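>>> Okay, sequence plus prediction incoming.
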Amino acid sequence: MSSHVVERGTSGPGRWLHERRTRISLWVAAAEAIVVAVFHDVSRITVIVLAALAVALYWYAGRRTRSDTVHQASWIFAVSQLLAVIAAILAFIVFWTAIVFVCIFALVALFFVFTDRR
């Protein structure tokens, strides 16, 4: 026999979300990062503003609510948006790093071309 203790103030959907909230957040963030990468109409600024709203919602409503489901859903929303911001910033850094390296390689190639003595 196994005995399960149910925490006070939790609900079935809230417990289900709590058990899966990290996985759900990662999948939502990955999907949003793909949408931002593929569709250039969605800018990084939009992702940052949405993340700020999600964190504000979690901070002011999600933490203070009596509903375990609302708490878990707002946590998932906030974490997934923050992960999407990190993905957007990393994509920006990687893109500009690649541009810088291409410029460096072009400058080195120009140096070798202009210093050729033949």
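Thanks, I have the structure now.

>>> hang on, isn't residue 81 packed against residue 56?
No - between residue 81 and residue 56 there is no contact under C-beta atoms under 8 Å: 10.7 Å. From N, CA and C alone the C-beta is placed, and that goes for glycine too.

>>> quick one, which of the two is more surrounded?
Per other C-beta atoms under 10 Å, whichever of residue 81 and residue 56 has more neighbours is residue 81, with 25 against 12.

>>> Distance check, the more buried one against residue 92.
17 Å (C-beta to C-beta, to the nearest Å).

>>> for the protein, what helix or strand is lowest in average pLDDT?
Across the helices and strands of the chain, mean confidence by mean pLDDT, DSSP states H and E is lowest for helix 12-38: a mean of 85.

>>> other SSEs contacting whichever helix or strand comes after it?
As assigned by DSSP states H and E, the chain's next helix or strand after helix 12-38 is helix 44-57. Contacting helix 44-57 under the criterion 3 or more C-beta pairs under 8 Å, 6 or more residues apart in numbering; DSSP states H and E are the following elements: helix 12-38, helix 68-114.

>>> so which of the ones you listed comes closest to residue 50?
Residue 50 sits nearest to helix 68-114 of all the helices and strands packed on helix 44-57, at 5.5 Å, using C-beta to C-beta.
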